[in-house]
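Visitor: Next comes the sequence, and after it the predicted model I'd like to discuss.
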Amino acid sequence: MIKRFRSRDRGEPDREWRALQLLSQYAAGLAPHPLHVDLDADPAVVVMSRLPGTPLRGTQVTAEQLTALRHALTTVYTSIPAAVVHAQPPRHGHASELVDLLHAWCRTPLRGPAIVRTAFAEGSRWLDTCGDAIASADVVPVFGLGDGNLANALWDGSRVRMLDFEESGRSDRAFELAEMAEHVSAWVDTDFDVSAFLKEFELISAETTRLRECRRLFALMWLIMLARDDPANPRNPSGTTERQAHRLLAALDEMKNS
């Protein structure tokens, strides 16, 4: 399979090639095998083996597939030695970077239905209170895929393999799981039991708390991104932004009631 990169502003081809090499060395079979790279080409090119399987996105994800997904992600998080993980650059959109981005985005009020504006206002207030603590938290580093899209998880009938590492890098487990739990692919066109998925992981207390906070962070991010979608060329079904507003408000209400 040949992947050509239209952008390299975030080091996408370098991240992809580095991840393929690491996973080939420490978790063989979980991801495509790296075959060839030309980072100086325009566009940059990464050649890799082709994996069998069907994306989980757009399907009814079964309990068996949830367990297989947990196994694949846990392999990513645990197979690469700690010293190697520490040597990796932070993933694109890591916690501190995302908090800074959202602070910038929240300076411009969202337009749209009342529910969207309400969710945005409450999310912005929450970010001002909690965002910096999320960004500066002391975490155990893991190698993160950097993309929670279920389209990147391939089911071959017995196991899940992973694709697309152009945002990958050093991260932490709670942040990575929160991204997948809140990714629009987990609910807009997929029957994915997020609660059952997260119960597959044995998290320590600090990770459980961070997971909840990071989920609110990603929920706010998705609200803003969806609200900015071009109505003339929508990428998601009508009403998706309003649904996301309800999701964010529910997450914030959970915090108030806990």
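Guide: Happy to help now that I have it. Numbering: from 1, shown residues only.

Visitor: Would you check that L249 makes contact with T118?
Guide: Yes. Contact between L249 and T118 holds when scored by CB atoms under 8 Å: they sit 7.2 Å apart. (C-beta placed from N, C-alpha, C; glycine too.)

Visitor: Which of the three states applies to the residue nearest to A63 when sequence neighbours are not counted?
Guide: Once flanking residues are discounted, A63 sits nearest to A196: 6.9 Å by CB to CB, 6 or more residues apart in numbering. Secondary structure for A196, judged by DSSP: H, G, I helix; E, B strand; the rest coil, is helix.

Visitor: these two touch, right, A196 and V61?
Guide: No. Contact between A196 and V61 fails when scored by CB under 8 Å: they sit 9.1 Å apart.

Visitor: Compare those two (neighbour count), which wins?
Guide: Per other CB atoms under 10 Å, whichever of A196 and V61 has more neighbours is V61, with 24 against 12.

Visitor: can you tell me which residues contact the more buried one?
Guide: Residues in contact with V61, defined by CB atoms under 8 Å, 6 or more residues apart in numbering, are 69, 150, 190-193.

Visitor: Identify the residues contacting the residue lying closest to A19 once chain neighbours are set aside.
Guide: Among residues not flanking A19 along the chain, F165 sits closest, at 3.4 Å (CB to CB, 6+ apart). F165 makes contact with 15-16, 18-20, 23, 31, 145-147, according to CB under 8 Å, 6+ apart.

Visitor: Let's see that with 10 Å instead.
Guide: Counting by CB atoms under 10 Å, 6 or more residues apart in numbering, F165 touches 12, 15-20, 22-23, 31-32, 46, 48, 76, 91, 143-147, 152.

Visitor: hmm, back to that, any idea how far the residue nearest to A63 lies from M48?
Guide: 31 Å (CB to CB, to the nearest Å).

Visitor: do L98 as well
Guide: Distance, L98 to M48, by CB to CB: 28 Å.

Visitor: and what of R15?
Guide: To M48, R15 is 14 Å away according to CB to CB.

Visitor: again, but for L223
Guide: L223 is 34 Å from M48, by CB to CB.

Visitor: hang on, V47 is in a strand, isn't it?
Guide: Yes. Counting by three-state DSSP, V47 falls inside a strand.

Visitor: The nearest residue to it once chain neighbours are set aside: what secondary structure?
Guide: Nearest non-adjacent residue to V47, counting by CB to CB, 6+ apart: H36, 4.0 Å away. On the three-state scheme (three-state DSSP), H36 is labelled strand.
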